[in-house]
Structures are given as C-alpha cells and as structure tokens.
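Visitor: what follows is a predicted protein model with its sequence.
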Amino acid sequence: MYFTFHFQGYEPFFVNATAGTTVLGAYDPLHSIADVCERHGLWMHVDGCWGGSAAASGNYRHLVSGVER
C-alpha cells in the first residue's frame with residue numbers, strides 16, 4: 001500500500017499499529033511493522049489505549065515487544 005500512495009504523489013509519514021483491539025484484544029506484530037517503518041523512514045504509532053498496559057506486566061510484556069522501536 002505504501003508504494004500505491006507514494007506513486008500517486010502522496011507521501012505517507014506514519015503507520016498505525018494496535019496493541020490490544022477493543023473487540024478481540026488482538027495485538028499487531030510490532031517488530032514486523034517496525035521493520036517496514038525503518039526501511040521506509042516512517043514513524044510507527046502504536047495505539048495502546050486498551051492493551052498498552054501489558055508493557056507494565058511481567059507476564060504479558062511480550063505482547064508489546066517492539067513498541068520501543
């Protein structure tokens with residue numbers, strides 16, 4: 001999708017990832033998304049309103065691994 005927008009003259013500047021959706025509690029693969037962002041010089045925003053608190057948990061920290069990238 002990045003290339004579609006880029007070649008249409010738009011310049012994407014960020015990717016929005018989710019840490020815990022409100023319906024399913026799903027977490028995006030943050031390391032994979034961060035790889036794409038680094039490759040293209042994009043900012044990665046992680047919406048952690050619902051599941052971001054996992055970062056403070058010893059048991060669930062792995063769910064937000066990659067957010068620091």
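Guide: Noted; the coordinates are in hand.
Visitor: would you map the helices across the chain?
Guide: 2-7, 30-40 (DSSP state H).
Visitor: just name the most buried of these.
Guide: helix 30-40 (a mean of 14; mean count of other Cβ atoms under 10 Å). No exception for glycine: its C-beta is placed from N, CA and C like everyone else's.
Visitor: that helix packs against which elements?
Guide: Applying 3 or more Cβ pairs under 8 Å, 6 or more residues apart in numbering; DSSP states H and E, one finds that helix 30-40 contacts strand 14-18, strand 43-47.
Visitor: any chance of the ones you listed in TSV, plus distance to residue 34?
Guide: TSV is the format used below for the helices and strands packed on helix 30-40 (distance: least, Cβ to Cβ, whole Å):
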stretch	distance to residue 34
strand 14-18	8
strand 43-47	5
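Visitor: of the helices of the chain, which is nearest residue 59?
Guide: helix 30-40 (17.6 Å; Cβ to Cβ).
Visitor: what does the closest one contact?
Guide: 2, 12, 14-15, 17, 19, 42-44, 46, 64-67, 69 (Cβ atoms under 8 Å, 6 or more residues apart in numbering).
Visitor: report the angle between it and strand 43-47.
Guide: 150 degrees (axes from the mean of the first three to the mean of the last three Cα atoms, to 10 degrees).
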